[in-house]
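J.: One predicted model, sequence on top.
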Amino acid sequence: MHVTVTFDGKMPLVGVNEKKQKTRFDASLDFTGPAKYASPMEVVLESLAACSLMDIIIILKKKKKELVKIDVQLDADRAEEAPKVFTAIRIGYRLFSPDCSLGEFEKAVALSIDKYCSVAAMLRRSGCEITWSASLAEAKARKGS
């Protein structure tokens with residue numbers, strides 16, 4: 001895996017991966033107004049959500065579950081002193097599915113967070129406590145199903 005991140009004299013920073021896909025990072029360091037893009041630490045939180053979601057989607061699709069939507073909300077605490085690493089992250093997953101039980105959803109989330117999600121593993125190894133909850137929302141089957 002290889003990426004580059006460039007500062008061209010003004011924000012945002014631009015990251016580019018081997019596939020030429022871009023990620024922009026901002027922290028309003030140039031004092032020209034509010035940041036237009038996520039900060040690196042916000043991107044880490046988003047990456048945790050995306051990494052676990054990809055696992056959960058794969059697990060539930062293998063069980064032939066219909067996934068209408070999954071929302072993930074994350075709240076994080078950071079250390080007071082630099083480096084201000086994450087010390088605790090709370091994740092709330094909400095599934096919209098006409099045929100997936102809460103137990104099946106919770107099992108998929110647990111497998112992701114405890115076994116498969118590499119972002120979660122990296123954060124835990126840094127001393128961050130990750131807790132999660134899962135809930136079901138009402139979801140109607142898509143028309144034509």
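T.: Arrived safely, thanks for sending.

J.: Next up, the contacts around the residue nearest to residue 85 when sequence neighbours are not counted.
T.: Closest residue in space to residue 85, ignoring its immediate chain neighbours: residue 79 at 5.2 Å, by Cβ to Cβ, 6 or more residues apart in numbering. To be clear about C-beta, it is placed using only N, CA and C from the backbone, and glycine gets the same treatment. When contacts are counted by Cβ atoms under 8 Å, 6 or more residues apart in numbering, residue 79 touches 85-87.

J.: Let's see the pLDDT reported for residue 79.
T.: We have a pLDDT of 97 for residue 79.

J.: on that earlier part again, give me the buried entries from the contacts of residue 79.
T.: Using 16 or more other Cβ atoms under 10 Å as the burial test, the contacts of residue 79 include residue 86 as buried.

J.: Output the contacts of residue 79 in TSV, with pLDDT appended to each entry.
T.: Output for those, formatted as TSV (pLDDT from 0 to 100):
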residue	pLDDT
85	97
86	98
87	98
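
J.: export the contacts of residue 79 to TSV and tack on distance to residue 101 and secondary structure?
T.: Below are those laid out as TSV (distance: Cβ to Cβ, whole Å; DSSP: H, G, I helix; E, B strand; the rest coil):
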residue	distance to residue 101	secondary structure
85	36	coil
86	31	strand
87	33	strand
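
J.: Kindly indicate which of the contacts of residue 79 lies nearest residue 55.
T.: residue 86 (19.6 Å; Cβ to Cβ).

J.: can you count the residues close to the closest residue to that closest one other than its chain neighbours?
T.: For residue 86, ignoring the flanking residues on the chain, the nearest one in space by Cβ to Cβ, 6+ apart is residue 128 at 4.5 Å. As a burial measure, residue 128 scores 19 neighbours (other Cβ atoms under 10 Å).

J.: Quick check: residue 128 vs residue 76, distance?
T.: 8 Å (Cβ to Cβ, to the nearest Å).
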